[in-house]
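A.B. asks: this one's sequence-less:
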Ligand code: CA
């Protein structure tokens with residue numbers, strides 16, 4: 001899951017990003033409304049945490065422009081005020097929920113979970129495809145009671161594959177989602193993790209395989225359950 005944090009108070013933005021990363025979200029952080037809008041418009045995020053009072057472009061304007069561009073990514077507004085007028089304006093402009101600062105991390109995570117769930121993500125702890133299951137809590141891949149642990153990057157790649165089985169996922173998409181929109185990661189890094197995952201699938205004796213569409217990307221194939 002990939003989140004965008006748009007918050008100009010650097011200490012708060014970094015704290016938010018830290019909490020979210022510890023809970024296995026990939027996070028991009030930007031510090032003003034213009035960058036917030038540019039990043040959000042890429043459409044690669046599963047949820048956007050958007051401050052209202054922002055330099056260059058305020059959060060409500062960013063939100064209106066996103067919705068005007070038909071971007072339906074869930075937006076959680078962050079507001080310093082208990083000002084009900086701001087909240088109403090926010091919800092009227094297309095926000096999905098809001099959180100009043102200061103907030104505790106438990107509440108933040110609960111709101112993010114609820115907003116990302118609404119998009120039809122799998123609510124259970126597992127993704128399954130063919131004869132394998134990918135556990136979101138333990139980061140493990142399993143088949144018939146046998147388990148292998150995945151590293152964070154392996155898990156993130158496998159999650160994208162298994163959430164979109166048989167769909168070709170371009171290499172660039174993995175890089176955007178996992179390494180970040182402006183990352184300079186070499187493409188062959190993806191290949192390295194794919195080869196690790198293939199070894200683990202083989203170790204499990206799974207019929208599921210990661211196929212390569214040469215020069216384009218990867219997709220998951222196997223006996224469908
Ligand atoms: Ca602010």
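C.D. replies: Done, it's in. The structure displayed is predicted, hence computed values, not measured ones.
A.B. asks: I'd say residue 30 and residue 10 touch.
C.D. replies: No: using CB atoms under 8 Å, residue 30 is not in contact with residue 10; the gap is 11.1 Å. Every residue, glycine included, has its C-beta placed from N, CA and C.
A.B. asks: Who has more neighbours out of those two?
C.D. replies: The residue with more neighbours, out of residue 30 and residue 10 and counting by other CB atoms under 10 Å, is residue 30; that gives 20 against 10.
A.B. asks: Could you pull up the residues touching that one?
C.D. replies: Counting by CB atoms under 8 Å, 6 or more residues apart in numbering, residue 30 touches 4, 5, 6, 36, 39.
A.B. asks: Out of the helices and strands in the chain, which is least certain?
C.D. replies: Every helix and strand of the chain was ranked by mean pLDDT, DSSP states H and E. The lowest is helix 84-92, at a mean of 78.
A.B. asks: Show me what it packs onto, helices and strands only.
C.D. replies: On a contact count with 3 or more CB pairs under 8 Å, 6 or more residues apart in numbering; DSSP states H and E, helix 84-92 meets helix 59-68, strand 75-79, strand 97-100.
A.B. asks: Now the protein against the ion: closest residue?
C.D. replies: Among the residues of the chain, residue 53 lies nearest to the ion; the distance is 3.9 Å by CB to the ion.
A.B. asks: any idea how far that residue lies from residue 27?
C.D. replies: For residue 53, the distance to residue 27 equals 21 Å [CB to CB, to the nearest Å].
A.B. asks: So, low pLDDT: which residues of the protein?
C.D. replies: Along the chain, segments meeting pLDDT under 70 span 81-83, 118-124, 181-183, 185-188, 223-225.
A.B. asks: Helices of the protein, start to end?
C.D. replies: Taking DSSP state H, the helices of the chain run over residues 10-22, 33-40, 59-68, 84-92, 105-117, 152-163, 171-174, 188-204.
A.B. asks: Show me the beta-bridge partners of the nearest residue to residue 216 once chain neighbours are set aside.
C.D. replies: In space, and not counting its chain neighbours, residue 216 is closest to residue 170: 5.9 Å by CB to CB, 6 or more residues apart in numbering. On the basis of DSSP bridges, residue 170 is bridged to residue 217.
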